[in-house]
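Colleague: Here's my sequence, what's the structure:
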Amino acid sequence: MNTPVVDFVDQYLQKDLSRLHMPGHKGQGFLGCEARDITEIPGADVLDQACGIIAESEANAAALFQTGRTFYSTEGSSLSVKAMLALAAGNAVQEGERPLILAARNVHKTFLYGCALLDLDVEWLYPEQGQSLCSCPVSPGELSRRLSALQKKPAAVYVTSPDYLGNILDIRGLAEVCRAHSLPLLVDNAHGAYLQFLEPSLHPIALGAAMCCDSAHKTLPVLTGGAYLHISQNAPAAYLSGARGALSLFTSTSPSYLILQSLDLCNRYLAQGYREKLEACIRRVSILKEELELAGWRTGGGEPLKLTLYCRESGCTGMEAAALLRANNVEPELADWEHVVLMFTPESREADFRRVLEALRSGPPDSRRLSAPEWPPVLPSRRMSIRRAVLAPHETVPAEQAAGRICGAPVVSCPPAVPIAVSGEEITEAAAALFRYYGIDNVEVVQQA
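Modeller: Coordinates of the predicted model:
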């Protein structure tokens, strides 16, 4: 597969030119990558109006992911999430009404900022069997019942899959429910770009989603910030034609050409033997999971490249398990009271797997069992719109004094940046207990008059 963006930069580097254009480092510097860091010079195309080499590279990605269109983001899935919301809302807007999104509660905070910027209302999907801030196991049946009970038709249904702990929803079933209600399904697939290359594919677009975002940098060999906005071949024509404009609403006009080149090179990587590498890595992760289960660790989540330790069920805290890993030169993706998350890819070395096993082979440390808050907490009442609460004057108060106040900025534990309290909601005592549990000391609330 060709790499038009990388090829252009290679040719540019061969010329003896005076760089009297941005960036200011002029191809010189200390990191070693500056020579390849260019801007929108003639021939380099323009990301938010791509019609040349960037458009050609995006078409390569669309062929690999089997989408109607694929668009690059150099600002992560955060940009793609906002663009998805803009497209869905714009395609369903009615005069004088604020569009509504029906969303599973375990959204990333960037979803809330997108709703604030676009002035969207949200109804939350919050299944009774949910047991974690990070997970929201919505079933097709639950979605169907909720849609039938809504008095106002939403512009879209929005879910996160895989979630931060590696749980994967029944996207095919959810998509079928959405089609029955003539609604688009939007999926935050930030952790699942590689799912397209399983056999069979578990990628949201292959399973019926109208749109999804992938953070390429999370699971593929792409620089941090590289991501995709994927649109299905069966999506409304307005999504396909309006995506570039929706991205432009929120993006910088100075995209990183280093990130673009890494996305471009990734196309070739995916086309040349990636499926075999991925299969081998998944087998290795599965073996490690079995070895850790035999040592007494409880693992979970269905995502094949993610290893999640359910530490509370194993008899210790996530912090204690993380300390064992760090003592053996392993840095996890996430460690909180309940979980440790480890993310593998085909770029992981055999030494990485051995270190994890060596650190944890003796089993969980002897520890008191952690007492977790009751879950799920009662959903709080909404006192004002997300937009009004985000843009209103805020004041910072200690978390133990926040109950009864209106949430200003989303209150999250980061990672995973899933909100405990949502802007515009009245903060409950249950939410305040979760603040303590996740170590949040201060909360931004709407300033009182």
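Colleague: Can you name the next helix or strand after the helix or strand bottoming out on mean pLDDT in the chain?
Modeller: The weakest-scoring helix or strand in the chain, judged by mean pLDDT, DSSP states H and E, is strand 411-413 (a mean of 74). Downstream of strand 411-413, the next assigned helix or strand under DSSP states H and E is strand 418-421.
Colleague: partners of that following strand in the sheet?
Modeller: strand 411-413 (antiparallel) (DSSP bridges).
Colleague: was I right about Pro380 contacting Gly424?
Modeller: No: assessed by CB atoms under 8 Å, Pro380 is found out of contact with Gly424, at 9.6 Å. For glycine as for every other residue, the C-beta is placed from the backbone atoms N, C-alpha and C.
Colleague: Tell me where the stretch 251-400 of the chain has strands.
Modeller: Per DSSP state E, counting those that start in this stretch, the stretch 251-400 of the chain carries strands over the ranges 299-300, 306-310, 334-335, 339-343, 394-398.
Colleague: In CSV, list these along with mean pLDDT and mean neighbour count.
Modeller: Shown next, in CSV, are the strands of the stretch 251-400 of the chain (pLDDT from 0 to 100; neighbours: other CB atoms under 10 Å):
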stretch, mean pLDDT, mean neighbour count
strand 299-300, 94, 18
strand 306-310, 96, 25
strand 334-335, 93, 21
strand 339-343, 96, 24
strand 394-398, 95, 14
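Colleague: and Pro380 and Gly424? which has more neighbours close in?
Modeller: Gly424 (27 against 19; other CB atoms under 10 Å).
Colleague: ok, for that one, nearest residue in space, not its chain neighbours?
Modeller: Ala389 (3.8 Å; CB to CB, 6 or more residues apart in numbering).
Colleague: mind listing what that neighbour touches?
Modeller: For Ala389, the contacting residues are Ala116, Arg383, Ile406, Cys407, Gly408, Ser423, Gly424, Val446, by CB atoms under 8 Å, 6 or more residues apart in numbering.
Colleague: just curious, which of those residues is nearest to Ala432?
Modeller: Cys407 (11.2 Å; CB to CB).
Colleague: in terms of contact, does that closest one touch Ile440 like I think?
Modeller: No: the pair Cys407 and Ile440 does not pass the contact test of CB under 8 Å, sitting 11.9 Å apart.
Colleague: Who has more neighbours out of those two?
Modeller: Cys407 (29 against 19).
Colleague: which residues in the stretch 1-150 of the chain form helices?
Modeller: Counting by DSSP state H, counting those that start in this stretch, the stretch 1-150 of the chain has helices at residues 4-13, 53-65, 76-92, 109-118, 140-149.
Colleague: Would you mind finding the most buried of those?
Modeller: For those, the largest average neighbour count (mean count of other CB atoms under 10 Å) is found in helix 76-92, namely a mean of 25.
Colleague: Show the average pLDDT along it.
Modeller: The average pLDDT within helix 76-92 is 95.
Colleague: which secondary structure elements does that helix contact?
Modeller: Applying 3 or more CB pairs under 8 Å, 6 or more residues apart in numbering; DSSP states H and E, one finds that helix 76-92 contacts strand 69-73, strand 100-104, helix 109-118, strand 156-160, strand 185-188, strand 211-214, strand 227-231, helix 237-250.
Colleague: and the ones you listed as CSV, adding mean pLDDT and distance to Ala280?
Modeller: Putting those into CSV (pLDDT from 0 to 100; distance: least, CB to CB, whole Å) gives the following:
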stretch, mean pLDDT, distance to Ala280
strand 69-73, 98, 26
strand 100-104, 97, 33
helix 109-118, 96, 33
strand 156-160, 98, 28
strand 185-188, 98, 27
strand 211-214, 98, 22
strand 227-231, 98, 24
helix 237-250, 96, 35
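Colleague: Let me know which of these is the nearest to Ala92.
Modeller: Checked against CB to CB, the stretch from the helices and strands packed on helix 76-92 lying closest is strand 156-160, at 7.4 Å.
Colleague: SS state for the residue most central in space within the chain?
Modeller: Nearest to the geometric centre of the chain sits Ala190, at 3.3 Å (CA atoms, centre = their mean). Under DSSP: H, G, I helix; E, B strand; the rest coil, Ala190 falls in the coil class.
Colleague: Report the buried residues of stretch 418-437.
Modeller: Neighbour-count burial for stretch 418-437, counted by 16 or more other CB atoms under 10 Å, picks out 418-428, 430-435, 437.
Colleague: Restricted to strands, list those.
Modeller: Judged by DSSP state E, strands contain the following of the buried residues of stretch 418-437: Val418, Pro419, Ile420, Ala421.
Colleague: ok, now which ones touch the last one?
Modeller: By CB under 8 Å, 6+ apart, the contact set of Ala421 is Pro380, Ala402, Cys407, Pro410, Val411, Ile427, Ala431, Val443.
Colleague: swap in the third one?
Modeller: By CB under 8 Å, 6+ apart, Ile420 lies in contact with Leu133, Val411, Val412, Ser413, Ala431, Leu434, Phe435, Tyr438, Ile440.
Colleague: can you put the residues you listed in CSV and add distance to Leu174?
Modeller: Converted to CSV, these look like this (distance: CB to CB, whole Å):
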residue, distance to Leu174
Leu133, 21
Val411, 28
Val412, 25
Ser413, 26
Ala431, 27
Leu434, 27
Phe435, 31
Tyr438, 28
Ile440, 31
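Colleague: where does the stretch 1-150 of the chain have low pLDDT?
Modeller: 93-96, 128-130 (pLDDT under 70).
Colleague: quick one, helices of the stretch 251-400 of the chain?
Modeller: 257-271, 274-294, 311-314, 318-326, 350-360, 386-391.
Colleague: Appreciated, that's everything.
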